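Chemist: what follows is a predicted structure for the sequence shown.
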Amino acid sequence: MIQMLEAKANPLLFVPKCPPVVSLQPSSTFLLNKIKNPFPPSASCSLPIKNFTITAAKRRQDPELEPPENNQPDDENTLLTEKGDEKEVDLGWLPTFPHVLTASMSNFLFGYHIGVMNGPIVSIAKDLGFEGNSFLEGLVVSIFIGGAFIGSISCGSIVDKLGCRRTFQLDTIPLILGAIVSAQAHSLDEILFGRFLVGLGIGVNTVLVPIYISEVSPTKYRGLLGTFSQIGTCIGIISSLFLAIPSENDPHWWRTLLYIASVPGIVLALGMQFSVDSPRWLCKAGRIDDAKEVISQLWGPSKVNKAIEEFQSVIRNDGADLDSSWLELLEEPHSRGGFKLHSLEVPFLYYSS
């Protein structure tokens with residue numbers, strides 16, 4: 001209070017030292033107008049001389065909030081790339097597919113001959129003079145399986161000498177000839193002979209087709225391509241039953257059915273002319289260059305050396321189990337015994353159908 005009274009008595013005694021100087025940079029100052037105050041005009045106010053520095057600095061951001069650089073793809077782009085890769089279709093089986101499809105024509109013939117006699121057997125018996133004889137009717141049907149059993153046993157030795165491709169072509173001879181003889185039969189003996197020839201060819205193919213498909217197919221697609229043999233059998237059975245429908249009204253339609261059976265055999269013989277041989281058999285026969293060419297064509301160039309080494313290793317160990325016998329089927333699993341057991345597949349498959 002005393003100071004306020006003194007200030008009113010003498011206004012000049014209370015002068016706050018506030019010079020109006022503001023420095024934005026150390027090297028430059030700017031003078032501002034004096035700040036007005038509520039005191040009489042004789043009083044003045046000045047700001048203390050202090051330098052205020054204003055600097056421009058780059059704004060720092062939290063690394064978690066910083067946007068990704070252009071050269072680094074974000075998670076969304078990565079996800080789209082992964083989805084795009086998942087949509088790619090694997091076509092590694094495609095080079096082998098035409099060869100597998102051609103070989104499966106043999107199984108189509110197998111299925112066709114299984115079902116071709118179901119419908120017109122009555123008409124056949126009437127035309128050939130053994131109508132009403134159930135034993136002879138059954139013999140005409142079952143002799144096909146007898147020939148198949150003999151053919152399946154002899155398949156292994158033929159394949160070892162000629163290879164799969166030539167064995168297929170050789171096997172078409174009894175298939176085509178047997179179908180034509182059966183179609184032109186005018187006696188019981190002729191149709192029995194024709195059915196037996198067809199059975200020989202079917203027996204060889206029943207063993208040969210799975211071997212060929214497994215040896216030409218890449219390991220990754222072996223199971224997929226191996227199913228075509230069974231698919232061919234099923235399609236053959238369905239086709240024969242469907243084509244036998246007119247035999248109910250036409251007593252001579254059975255001859256047309258047996259003529260049709262020769263067509264797949266011709267297709268098989270021509271198709272195998274353009275198919276490849278088993279690379280394993282080519283390697284075993286000493287045709288290493290041909291084996292490498294087949295592997296490169298079907299499996300890819302990167303598989304050539306590894307496949308040749310595996311084939312040569314198997315060939316060196318081949319023959320180590322020649323002392324196996326049929327009795328080993330009752331003792332323990334055995335590869336050679338399994339091959340022998342496979343020859344019994346034909347009659348079981350026929351009668352189960």
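Modeler: Cool, the structure landed. Just so it is clear, the structure is predicted and the values come from calculations on it, not from any experiment.
Chemist: low-confidence regions, the stretch 1-150 of the chain specifically.
Modeler: Along the stretch 1-150 of the chain, segments meeting pLDDT under 70 span 1-88.
Chemist: also the stretch 251-353 of the chain?
Modeler: 318-326, 328-353.
Chemist: how close does Gly129 get to Ile121?
Modeler: Distance, Gly129 to Ile121, by CB to CB, to the nearest Å: 14 Å. Placement of C-beta: from N, CA and C, glycine included.
Chemist: with Asp290 instead?
Modeler: 47 Å.
Chemist: coming back round to it: more neighbours, Gly129 and Ile121?
Modeler: Set Gly129 next to Ile121 and count neighbours by other CB atoms under 10 Å: Ile121 wins out with 17 against 11.
Chemist: ok, the more buried one touching Leu136?
Modeler: No. The criterion here is CB atoms under 8 Å, and Ile121 misses it with Leu136 at 10.2 Å.
Chemist: need the contact list for the nearest residue to His99 once chain neighbours are set aside.
Modeler: Once flanking residues are discounted, His99 sits nearest to Ser275: 4.6 Å by CB to CB, 6 or more residues apart in numbering. Listed by CB atoms under 8 Å, 6 or more residues apart in numbering, the contact set of Ser275 reads Pro98, His99, Thr102, Ala103, Arg165, Phe168.
Chemist: again, only using 10 Å
Modeler: Neighbour list for Ser275: 98-103, 164-165, 168-169, 212, 216, 268 [criterion: CB atoms under 10 Å, 6 or more residues apart in numbering].
Chemist: please report the distance of it from Gly232.
Modeler: Taken as CB to CB, the span from Ser275 to Gly232 is 15 Å.
Chemist: can you measure across stretch 293-309, start residue to end residue?
Modeler: 15 Å (CA to CA, to the nearest Å).
Chemist: tell me which residues of it come out buried.
Modeler: Val294, Ile295, Leu298, Trp299, Val304, Ala307, Ile308 (16 or more other CB atoms under 10 Å).
Chemist: all helices for the stretch 201-350 of the chain, in order.
Modeler: 222-243, 253-260, 262-273, 279-284, 288-298, 304-317, 335-342, 345-352 (DSSP state H, counting those that start in this stretch).
Chemist: now tabulate these in CSV and tack on distance to Gly92.
Modeler: Below are the helices of the stretch 201-350 of the chain laid out as CSV (distance: least, CB to CB, whole Å):
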stretch, distance to Gly92
helix 222-243, 10
helix 253-260, 36
helix 262-273, 22
helix 279-284, 16
helix 288-298, 10
helix 304-317, 15
helix 335-342, 27
helix 345-352, 29
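Chemist: any idea which of those is most buried?
Modeler: Neighbour counts (mean count of other CB atoms under 10 Å) averaged over each of those peak at helix 279-284, with a mean of 22.
Chemist: other SSEs contacting that helix?
Modeler: helix 134-162, helix 164-183, helix 188-216, helix 288-298, helix 304-317 (3 or more CB pairs under 10 Å, 6 or more residues apart in numbering; DSSP states H and E).
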